[in-house]
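Enquirer: Provided below are the primary sequence and the corresponding predicted coordinates.
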Protein chains: 2
Amino acid sequence: MPSSTVENYLKQIYLWQQDNDFQRMPMGQLALSLNVAPGTVTSMVKALADAQLVDYTPRGGVQLTPQGTRLALQVLRRHRLIEKFLVEVLQLDWSEVHDEAEELEHAISDKVLERIDALLGYPDTDPHGDPIPPAEGHPESRELASLADCPVDDTFRVARVIDQSVEFLQFVDQQGLAPGSDVTVESRSNSAQAVTLRPAGRQAVTMGTAAAAKILVSPVPADKPSAAQTP
Amino acid sequence: MPSSTVENYLKQIYLWQQDNDFQRMPMGQLALSLNVAPGTVTSMVKALADAQLVDYTPRGGVQLTPQGTRLALQVLRRHRLIEKFLVEVLQLDWSEVHDEAEELEHAISDKVLERIDALLGYPDTDPHGDPIPPAEGHPESRELASLADCPVDDTFRVARVIDQSVEFLQFVDQQGLAPGSDVTVESRSNSAQAVTLRPAGRQAVTMGTAAAAKILVSPVPADKPSAAQTP
DNA sequence: CAACCAATTTTGGATAACCAAAATAGCATT
DNA sequence: AATGCTATTTTGGTTATCCAAAATTGGTTG
């Protein structure tokens, strides 16, 4: 059994690689995302390399091996299924489940996890719209536009919000932009670095492109009604 | 936050003291129940004493302080609520939930625990009939007879099974002696150290008094029907 | 090219748990 | 009182993680 420390290292490397074109992750980045000193990362990573979980080149960064990737995906699967469970079954707020899942993901057994999966009806995304990896194999990747770069004057459905901070998630929720809600992009100004949005049946909001980039959308499916909730 | 190691030490001391007339627990016993070397226990217990969680007398054993007791009860509460949850919501078998809960009890937050408690309708015993301590304060203790010493030829309802081994629990289940079932004590032989039982609507079973002592019963309430399940 | 910088690695050290095996204490028995 | 036994404590040592601060490296820049 990998320790929860090991699981966290692998998870962070996986997530960073997803977001960065599958490059090798620099040690400094890893230290930052794990909140540990750089030297700590160097020695831990050497151990992970000995265990065949990562490929490490001194001063060249780390990369997951296939085996490391498999483990990272399992951790992510646990994390996201737990999040979904906490929201759907225990009715926690989607803004707070990330931290809860952070602990539970290291403690839950396969058996319990599969029961939860079944109870939830085998969902494929978590409450933030993040894909839940299958028990084995890789998650299919969706191509999603973000509110920072999708066409103006069109209506989209929020599919995913890429940020785990309670603050941002609550803001998104309050504006009626949680996953499942529909939104129209009213205007976008490059010079002001801002977008103005009109969430379905709501006051318009203007936000910076940096924030808008964290909200991913897909075309509104023909029939399905929006899942927006009244706050 | 106490580490899960600390939580386990306190929990074991608490459980042992319950079963042994609140005496001080010998270090050897503690080493046994935690599956660690005796020397390890000595040094850990010294640390617990420094943290005011136990009262330790060299060669005299350990005892929980009020603070240690409070912590132990919290751990036990988490453990038993989780067990109940695993059986009621995730439909695991009562014989296997102990080990699952053993891990989860150290990872779950107060918030999630309270949600689970509410979802379950604030139960006061777990699937084995063990009392679930309240969020604060002590559990009320029930006076229960065991099948090893209750009157013969009377019918009782199984209230609690004091053993966490999968093997014994499955045996109990198969004989129709799970908590909630009714049973009649047909005979008891002191010389043979055995009791013969007739679980409601079942074949009679004979077991040693050591085993019978682990099955606690209460009088059958006037109206409530038995909760025996068909296997 | 020399000097500098930022990122990384090394070094020396800490803490929480753990073990094996030697030393000791308390008790019981000769 | 001497012997012995058992439970316990001590001692010396290990592993996983972590940190701070010094040393190094690779690249950048005047």
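Expert: Noted; the coordinates are in hand. Numbering: from 1, shown residues only, chains lettered A, B, ... in the order given.
Enquirer: quick one, longest helix in chain A?
Expert: Longest helix in chain A by number of residues, with DSSP state H as the criterion: helix A:66-88.
Enquirer: in that helix, what's buried?
Expert: A:68-87 (16 or more other CB atoms under 10 Å in any protein chain shown). In short, each C-beta sits where N, CA and C put it, glycine included.
Enquirer: all helices for chain A, in order.
Expert: Assigned helices in chain A, in chain order: A:4-19, A:27-34, A:38-50, A:66-88, A:97-104, A:110-119, A:166-174, A:209-212 (criterion: DSSP H).
Enquirer: output the contacting helices and strands for the fourth one.
Expert: Helices and strands touching helix A:66-88, as assessed by 3 or more CB pairs under 8 Å, 6 or more residues apart in numbering or on different chains; DSSP states H and E, comprise helix A:4-19, helix A:97-104, helix A:110-119.
Enquirer: what number of residues lie near residue A:144?
Expert: Residue A:144 is surrounded by 16 other residues when neighbours are defined as other CB atoms under 10 Å in any protein chain shown.
Enquirer: hey, what's the closest residue to it other than its chain neighbours bridged with?
Expert: Beyond its immediate neighbours in the sequence, the residue positioned closest to residue A:144 (CB to CB, 6 or more residues apart in numbering or on different chains) is residue A:216, lying 4.0 Å away. Under DSSP bridges, the beta-bridge partners of residue A:216 are residue A:146, residue A:160.
Enquirer: quick check, residue A:216 in contact with residue A:160.
Expert: Yes. At 4.2 Å, residue A:216 and residue A:160 qualify as touching, with contact defined as CB atoms under 8 Å.
Enquirer: between these two, which one's more packed in?
Expert: Set side by side, residue A:216 and residue A:160 give different neighbour counts by other CB under 10 Å, the larger being at residue A:216 (22 against 19).
Enquirer: Provide a list of residue ranges in chain A with pLDDT below threshold.
Expert: Counting by pLDDT under 70, the ranges of chain A that qualify are A:223-231.
Enquirer: contact residues of it facing chain B?
Expert: Residues of chain A lying near chain B by CB under 8 Å from any CB of the partner chain: A:86, A:89-92, A:96, A:100, A:103-104, A:106-109, A:111-112, A:115-116, A:119.
Enquirer: emit the PyMOL select command for whichever of these are buried.
Expert: This is how PyMOL selects the buried members of those, with burial counted by 16+ other CB under 10 Å:
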select buried, chain A and resi 86+89+90+92+96+100+103+104+106+107+108+112+115+116+119
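Enquirer: relative to residue B:85, how far out is the closest residue to residue A:4 other than its chain neighbours?
Expert: Taking CB to CB, 6+ apart, and ignoring the residues beside it in sequence, residue A:4 has residue A:106 as its nearest neighbour in space, at 3.7 Å. As defined by CB to CB, to the nearest Å, residue A:106 lies at a distance of 19 Å from residue B:85.
Enquirer: tell me, what's touching residue A:216 and residue A:160 both at once?
Expert: In the contact map built from CB atoms under 8 Å, 6 or more residues apart in numbering or on different chains, the residues linked to both residue A:216 and residue A:160 are A:129, A:144.
Enquirer: correct me if wrong: the residue nearest to residue A:4 contacts residue A:10.
Expert: No. With contacts defined as CB under 8 Å, residue A:106 does not count as touching residue A:10, sitting 11.8 Å away.
Enquirer: residues in contact with residue A:76?
Expert: The neighbourhood of residue A:76, defined by CB under 8 Å, 6+ apart, consists of A:11, A:14, A:15, A:132, A:133.
Enquirer: wait, what's in contact with the first one?
Expert: Spelled out, that is residue A:11. Each residue near residue A:11 by CB under 8 Å, 6+ apart is listed here: A:72, A:75, A:76, A:79.
Enquirer: switch to 6 Å and redo it
Expert: Contacts for residue A:11 were tallied using CB atoms under 6 Å, 6 or more residues apart in numbering or on different chains; they are A:72, A:75.
Enquirer: relative to residue A:75, how far out is it?
Expert: Note on residue A:11: its distance to residue A:75, by CB to CB, is 5 Å.
Enquirer: so which of the helices and strands packed on helix A:66-88 is nearest DNA strand C?
Expert: Between DNA strand C and these, the shortest gap by CB to the nearest atom of the strand is with helix A:4-19, which sits at 12.0 Å.
Enquirer: that closest one close to DNA strand C?
Expert: No. Using CB under 7 Å from any atom of the strand, helix A:4-19 never reaches DNA strand C; the gap is at least 12.0 Å.
Enquirer: in chain A, what residue comes closest to chain B?
Expert: residue A:107 (3.7 Å; CB to the nearest CB).
Enquirer: not counting sequence-adjacent ones, nearest residue to that residue?
Expert: Nearest non-adjacent residue to residue A:107, counting by CB to CB, 6+ apart: residue B:107, 3.7 Å away.
Enquirer: same deal with residue A:7?
Expert: For residue A:7, the spatially nearest residue (CB to CB, 6+ apart) is residue A:75, at 4.8 Å.
Enquirer: now do the contacts for the one you found.
Expert: With contacts taken as CB under 6 Å, 6+ apart, residue A:75 has the following neighbours: A:7, A:11, A:105.
Enquirer: 8 Å instead, please
Expert: Under the criterion of CB under 8 Å, 6+ apart, the neighbours of residue A:75 are A:7, A:8, A:10, A:11, A:105, A:106.
Enquirer: surely the fifth one touches residue A:7?
Expert: Put plainly, it is residue A:105. Yes. Judged on CB under 8 Å, residue A:105 makes contact with residue A:7 at a distance of 7.5 Å.
Enquirer: mind checking which of these two has more residues around it?
Expert: In this comparison of residue A:105 against residue A:7, neighbours counted by other CB under 10 Å, the higher total goes to residue A:105 at 24 against 20.
Enquirer: show me the contacts for that one.
Expert: With the criterion set at CB under 8 Å, 6+ apart, residue A:105 makes contact with A:7, A:75, A:78, A:79, A:82.
Enquirer: give me the distance between it and residue B:174.
Expert: 35 Å.
Enquirer: with residue A:164 instead?
Expert: Here residue A:164 is placed at a distance of 47 Å from residue B:174 (CB to CB).
Enquirer: between these two, which has more neighbouring residues?
Expert: residue A:164 (16 against 12).
Enquirer: shouldn't the more buried one be in contact with residue A:98?
Expert: Yes. Applying CB under 8 Å, one finds residue A:164 in contact with residue A:98, separated by 4.3 Å.
Enquirer: quickly list what's touching both of the two.
Expert: Between them, residue A:164 and residue A:98 share the neighbouring residues residue A:128, with contact defined by CB under 8 Å, 6+ apart.
Enquirer: show me which residues of chain A sit near DNA strand C.
Expert: By the rule CB under 7 Å from any atom of the strand, the part of chain A lying against DNA strand C is A:26-29, A:38-39, A:41-43, A:45, A:58-59, A:61.
Enquirer: just the buried ones out of those, please.
Expert: Burial by neighbour count, 16+ other CB under 10 Å: within the residues of chain A next to DNA strand C this picks out A:26, A:27, A:29, A:41, A:45, A:61.
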